[in-house]
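> Turn this into a structure:
(one chain, ligands or ions: 4)
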Amino acid sequence: QAKRLGRNRSVAYRAAFDPRAGERLELIQDLHRALQQDEFELAFQLQFDHRRQPRGMEALVRWRHPERGLLGPGAFMEACEESGLVLRLGRWVLGEAARRWCQLDERGWGGLRMGVNVSALQFQEGLVADVGGAVRRCGLPPGRLELELTESVLLASPVEARTVMQELSTQGVSLAIDDFGTGYSSLAYLKELPLQRLKLDQSFVRDLGRDPGNEAISEAILGMARSLGLAVTAEGVETEAQFSWLHARGCGEFQGYLLARPEPFDAVLARLGAPG
Ligand code: C2E
Ligand code: MG
Ligand code: MG
Ligand code: MG
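Ligands and ions are numbered 1, 2, ... in the order given. Modelled structure (predicted):
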């Protein structure tokens, strides 16, 4: 609590000198209110295998702002992290994703994975307990809950991150590295972590068929994942050409506008239909 107050205060202090920091402070106050008034919701984007069967989905937070409309994380996540509010938001996201995960199971789709993004600060505070609570509430196999963390989480505090990951892994929860290839984690370090999956960043996928350099990187990542026994989900798959390029090189799962957009939970249920 003191840490959080400290952060807000330093933002207020900067606001006296920097007009952009003033806007930031307003945004943070707005976010406080939004959390209190329950203005956040989750969109879900399905992920598919090469036969285009659904295998899981990713929960993506949205803010239904009373004046500005529906906002994506790009509009507020940085402020959320900087202010420490991401701890509260992250806890809400986890609880809401778990609630939807239970509903999936009730509809006969309990075999799908539920992916949840977690930020660096959550990793430093209370994540193991929150995740444990979410898993117990649903009573689903914990391996179907997949936490997505970015390489920045690992870089922020490598030793702690590894400890927390080991605890989560002991609980049976799956772990994926998000936006893989954009950070700086060494292969030697990756090998030591209890990981199930890499998510190939959309910046590489976007340039497949256009940029030989990015093709080489994607190919290397897919090869490395195979040797380390890690599954790969490609992000931002928008075209058939990208899909078949990736499939031909061993990519196992696909997420992107080609297959499904992030949608409200009910739309996802409608798209899924009756379990096959
Ligand atoms: P991410 O985890 O890498 O999520 C994938 C992003 O790519 C999502 O953006 C998704 O809408 C977008 N996307 C999916 N398919 C395509 C495609 O075919 N083309 C393109 N151009 N984009 C595609 P979104 O929802 O705006 O989220 C942005 C980022 O915000 C996420 O990137 C994630 O890092 C963060 N985020 C989202 N929800 C949460 C959350 O609950 N907690 C935390 N800590 N971060 C979150
Ligand atoms: Mg993600
Ligand atoms: Mg990503
Ligand atoms: Mg991303």
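> alpha carbons only for contacts and neighbour counts from here, please
Fine.
> So for the longest strand seen in the chain, what gets flagged as buried?
Secondary structure of the chain per DSSP state E: the longest strand is strand 54-65. For strand 54-65, the neighbour count (16 or more other Cα atoms under 10 Å) marks P54, R55, G56, M57, E58, A59, L60, V61, R62, W63, R64 as buried.
> Run a quick check on the second one versus G110, I expect a contact.
Pointing back at R55 there. No. Look at R55 against G110 with Cα atoms under 8 Å: they stay out of range, at 10.3 Å.
> Which elements pack onto the helix or strand encompassing Q47?
Using DSSP states H and E, Q47 sits in strand 40-49. Applying 3 or more Cα pairs under 8 Å, 6 or more residues apart in numbering; DSSP states H and E, one finds that strand 40-49 contacts strand 54-65, helix 86-106, strand 253-254, strand 263-264, helix 265-272.
> Tell me which of those approaches ligand 1 most closely.
strand 54-65 (3.7 Å; Cα to the nearest ligand atom).
> Just the mean pLDDT for the closest one, thanks.
For strand 54-65, the per-residue pLDDT values average out at 98.
> Please list the outside residues in contact with it.
34, 39-49, 69-73, 93, 97, 111-117, 253, 262, 272 (Cα atoms under 8 Å, 6 or more residues apart in numbering).
> Check stretch 85-99 too.
4, 31-32, 35, 42, 59, 61, 77, 80, 114, 116, 118-119, 121-122, 125, 130-131, 134-135, 137-138.
> Could you rerun that using 6 Å?
C80, Q122, A134 (Cα atoms under 6 Å, 6 or more residues apart in numbering).
> Could you do stretch 190-209 as well?
175-180, 214-215, 230-236.
> The residues you listed: which ones sit near ligand 3?
Among the contacts of stretch 190-209, the ones lying near ligand 3 by Cα under 5 Å from the ion are D178, D179.
> can you tell me which of the contacts of stretch 190-209 are in strands?
Per DSSP E, strands hold the following members of the contacts of stretch 190-209: L175, A176, I177, D178, D179, F180, A231, V232, T233, A234.
> Give me the three-state assignment for W109.
Of the three states, W109 takes coil under DSSP: H, G, I helix; E, B strand; the rest coil.
> Can you give me the neighbour number for it?
Using other Cα atoms under 10 Å, W109 has 21 other residues around it.
> Give me the spatial nearest neighbour of it, chain neighbours excluded.
Leaving aside its sequence neighbours, W109 sits nearest to P275 (Cα to Cα, 6 or more residues apart in numbering; 6.3 Å).
> so what's the backbone phi/psi at the one you found?
phi -60, psi 140 (degrees, to the nearest 10).
> and if you look at L168?
phi -60, psi -40.
> Now do the same contact list for the residue in the stretch 101-250 of the chain that ligand 1 sits nearest to.
As assessed by Cα to the nearest ligand atom, ligand 1 sits closest to G236 within the stretch 101-250 of the chain, at 3.5 Å. Residues near G236 by Cα under 6 Å, 6+ apart: Q202, G256.
> out of the helices and strands packed on strand 40-49, nearest to ligand 3?
strand 54-65 (9.9 Å; Cα to the ion).
> Now do the buried residues in the helix or strand following the closest one.
Remark: after strand 54-65, the chain's next helix or strand is strand 69-71, criterion DSSP H and E. Residues of strand 69-71 classed as buried by neighbour count (16+ other Cα under 10 Å): none.
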